[in-house]
Every structure is written in structure tokens, then in C-alpha cells.
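Asker: What follows is a predicted structure for the sequence shown.
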Amino acid sequence: MLRVRKASERGHADHGWLNTYHTFSFADYYDQKHMGFRDLRVINEDRVQPKEGFPTHPHRDMEIITYVLEGALEHKDSMGNGSVIRPGEVQRMSAGTGITHSEYNHSSTELVHFLQIWILPSKSGVTPSYEQKAFPEQEERGVLRLVASPDGREGSVTIHQDVNLYVALLEAGEELVYRMPAGRHVWLQVARGKVCVSGTELEQSDGATISDEGQIVVTGQVKSEILLFDLA
């Protein structure tokens, strides 16, 4: 069974410096029908204007993944980490017992466009930690490249939950197949482009839940980028 979450139906807030869309309930946007999917709690699509950013703020007991689509995002946190996240890189921050951090766009001309993803951890009170890895484009072309997992296999970042996150880059007409393990569920997010998922068309920023399917067939309609979450 496949259910589509259209991009146009998401929550939206334009703060001037930040233009943000919420797939699930977040901040001032509340919809009881869209509180998350399995352990996936937040997918925010953010665009931050040049020389703007999120000031230092706290988090706890959440696995936070940042995935940049355009531009560059500077990260600083109370663990002493400082980095710049660019397209092709995945950052994972485990908030655990509590951290503070800030995110900033230092460019004077370009906005930064990224996905902020929150996953509920399998247990609370873990020691806060941070990880960032780059994944070459050639490893994602036409295949689902594992970028986050509970055990860090295949060079993925490690998250404290039974969730596997894959990224794929597809050309028009290119097809890939994902065989769903029994009892698992999938959230598929179209980061860019347009794809057909087992006969259903999804456009840029659309998402879809998929359950009780033996396999998923994804075909690029144009040059596309997708994120696939395999969830318990």
C-alpha cells in the first residue's frame, strides 16, 4: 500500500530569512494526521538566506540528520564540533542527554537549501555524539547507497534507531528496485526531480509511505534525487 504526501499539502512558514516546509507537524504547524511515520518524526525542507541562520538552541533525545541540497551550511555545537556541510555529505547529531548547536549560511550571495530530518532514538539519555561523512556521487548513481544505519555498515553514519537511510541519483528512464524485508515500512522522499514509484508519480518534495509491498520499483522521469527510509 502506497500513500502520497504531496509537497503542496505540507505545513509552511516564511520568516524572511528562512523559508521552511514541514512534512510532519512541527513548530506552529500541527496536523494530527501527520505527526510522523514510524520512528521518522521530522522532515523539514529549509531554505536559509545569505548571511542568516539558526542561532544557538538546544535539543535532546533525538537523532538529527542534515542533508544539504544546495549551498553550504556551517555547524557549531556544544560538543566542540565545527564544520561546513555541503551537497553529497550527511551529518548526524545524536542529541541524547542534551546539546546546543547553531547552523549558519555564510555565503553573501547564495541561499542554502537542505533537509533537516529527525528520527526518534531507540532509547533516551544516550551520550551526545556527532558524525559527518561525504558520499561520492558515483556511489549513488542508479543505486540505493546506504548513508545512515544502526550499525554504520558500508561506511554509513550511525544512528541510534533501527532505520536505514538510502540515497539514489537517477537519470530519466533509469529504474531501480528495492525489495522490502518482511515487516518493514518505507518512507520515500523526492529531494529533486520527478519519479514514478510502482506506478504512482511523485514530484519534487513529495513523499510517500509504502507498507505491505514485496518490492518497490522507482523510475526516474527526469534527473532525480531520492531518499528512502527503511523503518521497523
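Answerer: Alright, I've got the coordinates. Predicted model, so just to flag it, every value in this text is computed and none were measured.
Asker: who's in contact with the spatially most central residue of the chain?
Answerer: The centroid of the chain falls nearest to I117 when counting by C-alpha atoms, centre = their mean (4.5 Å). For I117, the contact set (C-beta atoms under 8 Å, 6 or more residues apart in numbering) comprises L40, V42, I43, N44, I64, I65, T66, Y67, L165. For the C-beta atoms, the positions are set from N, CA and C on the backbone; glycine is no exception.
Asker: Which helix or strand lies directly C-terminal to the one helix or strand it maps to?
Answerer: Per DSSP states H and E, I117 falls inside strand 112-119. Heading C-terminal from strand 112-119, the first helix or strand you meet, by DSSP H and E, is strand 129-134.
Asker: and P181, how far is that from S211?
Answerer: Separation of P181 from S211 (C-beta to C-beta, to the nearest Å) stands at 12 Å.
Asker: wait, G152
Answerer: Taking C-beta to C-beta, one finds G152 at 26 Å from S211.
Asker: So between P181 and S211, which is more surrounded?
Answerer: S211 (15 against 10; other C-beta atoms under 10 Å).
Asker: Name the residues of stretch 158-175 that come out as buried.
Answerer: Residues of stretch 158-175 classed as buried by neighbour count (16 or more other C-beta atoms under 10 Å): 159-170, 174.
Asker: what about that stretch, start to end distance?
Answerer: End-to-end distance for stretch 158-175: 28 Å, by C-alpha to C-alpha, to the nearest Å.
Asker: in this protein, which spans are helices?
Answerer: With DSSP state H, there are no helices along the chain.
Asker: Could you list the low-pLDDT ranges of it?
Answerer: For the chain, no stretch is flagged by pLDDT under 70.
Asker: Residue most distant from the centroid, the chain?
Answerer: Distance from the C-alpha centroid of the chain peaks at S108, with 25.6 Å (C-alpha atoms, centre = their mean).
Asker: Distance check, A191 against A168.
Answerer: With C-beta to C-beta as the criterion, A191 and A168 are 10 Å apart.
Asker: Touching both of these two, which residues are there?
Answerer: In contact with both A191 and A168: E225, I226, using C-beta under 8 Å, 6+ apart.
Asker: Check the spacing between Q138 and G88 real quick.
Answerer: 11 Å.
Asker: These two: which is more packed in?
Answerer: G88 (15 against 10).
Asker: which one is D46 nearest to, not counting chain neighbours?
Answerer: T20 (4.9 Å; C-beta to C-beta, 6 or more residues apart in numbering).
Asker: and that neighbour, how many neighbours does it have?
Answerer: Neighbour number of T20 under other C-beta under 10 Å is 19.
Asker: Enumerate every residue touching it.
Answerer: For T20, counting by C-beta under 8 Å, 6+ apart, the contacting residues are H12, A13, D14, N44, E45, D46, R47.
Asker: Run a quick neighbour tally on the third one.
Answerer: For D14, the number of neighbouring residues by other C-beta under 10 Å comes to 10.
Asker: now swap in the first one and tell me
Answerer: Other residues lying near H12 total 13 when counted by other C-beta under 10 Å.
Asker: Likewise for the last one?
Answerer: As a burial measure, R47 scores 18 neighbours (other C-beta under 10 Å).
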